[in-house]
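mind looking at a prediction? Sequence and model below.
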Amino acid sequence: TRIAFARAINRETKELCVVDYDGAGMDQLTKSGGLKLFPDWAPSGAALAYCTYGRRTLDIHTYALGPRRSGLVSARTGLNTAPAFSPDGRTMAASLGFEGNQEIYLMKPNGKNLRRLTNNRSIDISPSWSPNGRQIAFVSDRTGSPQVYVMNADGADVRRLTFEGNYNTSPAWSPRGDLIAFVQRQPGGTNQVCVTEITGDTYMRLTSGRNSEDPCWSPDGLHIAFSSNRSGSNEVYTM
């Protein structure tokens, strides 16, 4: 019933906000300044994971909506980014760079019990869980350009999912498990939301015009929320 997003307060500040699915009931959660990025709901709806810049790194935090309190998850050297709660809420996937380049890791929501899933010289980022928690979609440039891949939740059986287009990012697994939404850069330079079957056999572009990015499925799988600058400024839309 609510959508979480990062709202620009001014050029130097983005704060976490939530809004009802119909655009009413705007609630600004954080007011500490700086940039808050990449919010992800915990399955219980009681907390959000997000990123914000610390003194030296981009860090991962959680925000508990009840007490309205933030807690640090990971401030390891390098970038700590793209947190994603597992469907059962017991594990968090994220992209961490403390071992030299961005790789996908699993950890507890408190940042402990760290386990590395990917291991190569390329950038691996933007994990998205399958609804049964058995697989993870992610983005890698291991073939020379960003593409969407799928692997088992233990890091095994990595396979490339997207082959159309030379720049595909931001995978979001549908609640039914049959589709993955993603963002594809078009020949004209705009970014558009697309969907593909999990087999990768077919895909369809859903948006057109100016940039549309950051797709996220509704829990019933009937709607996708996304950000777009089609009005001239970045706003949240659903379709």
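Yep, that arrived.

how about low-confidence regions in the chain?
Applying pLDDT under 70 to the chain flags no residue at all.

which ones are touching Trp129?
84-87, 93, 135-136, 153, 173 (CB atoms under 8 Å, 6 or more residues apart in numbering). Glycine gets a C-beta too; all of them are placed from N, C-alpha and C.

give me the buried subset of those residues.
For the contacts of Trp129, a burial check counting by 16 or more other CB atoms under 10 Å picks out 84-86, 93, 135-136, 153, 173.

and the two most separated of those?
Put simply, by CB to CB the two of the buried ones among the contacts of Trp129 set farthest apart are Phe85 and Gln135, 15.1 Å from each other.

using the three-state scheme, assign Gly188.
Gly188 falls in the coil class when you classify it by DSSP: H, G, I helix; E, B strand; the rest coil.

show me the buried ones among the contacts of Trp129 that map onto strands.
84-85, 93, 135-136, 173 (DSSP state E).

please convert the buried ones among the contacts of Trp129 to JSON lines, extending it with distance to Arg205.
Output for these, formatted as JSON lines (distance: CB to CB, whole Å):
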{"residue": "Ala84", "distance to Arg205": "24"}
{"residue": "Phe85", "distance to Arg205": "28"}
{"residue": "Ser86", "distance to Arg205": "29"}
{"residue": "Ala93", "distance to Arg205": "27"}
{"residue": "Gln135", "distance to Arg205": "24"}
{"residue": "Ile136", "distance to Arg205": "24"}
{"residue": "Ala153", "distance to Arg205": "29"}
{"residue": "Trp173", "distance to Arg205": "18"}
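
quick check, nearest of those to Leu179?
Trp173 (7.9 Å).

does the closest one touch Ile180 like I think?
Yes - counting by CB atoms under 8 Å, Ile180 is a contact partner of Trp173 at 5.4 Å.

which neighbours do those two share?
By CB under 8 Å, 6+ apart, the residues touching both Trp173 and Ile180 are 128, 137.

quick one: which of the ones in strands among the buried ones among the contacts of Trp129 is nearest to Thr30?
Phe85 (18.3 Å).

nearest residue to that closest one in space, please, no chain neighbours.
Ala42 (5.0 Å; CB to CB, 6 or more residues apart in numbering).

also Arg205?
Cys194 (4.8 Å).

so what touches the helix or strand where that neighbour lies?
Assigned by DSSP states H and E, Cys194 belongs to strand 191-197. Strand 191-197 is contacted from outside by 148, 161-162, 168, 174, 178-186, 202-208, 211-213, 215, 224, 226, using CB under 8 Å, 6+ apart.

give me the subset of those lying in strands.
Using DSSP E, the contacts of strand 191-197 in strands are 148, 168, 179-185, 203-205, 212-213, 215, 224, 226.

would you mind listing which of these are buried?
Using 16+ other CB under 10 Å, the buried ones in those are 148, 168, 179-185, 203, 212-213, 215, 224, 226.
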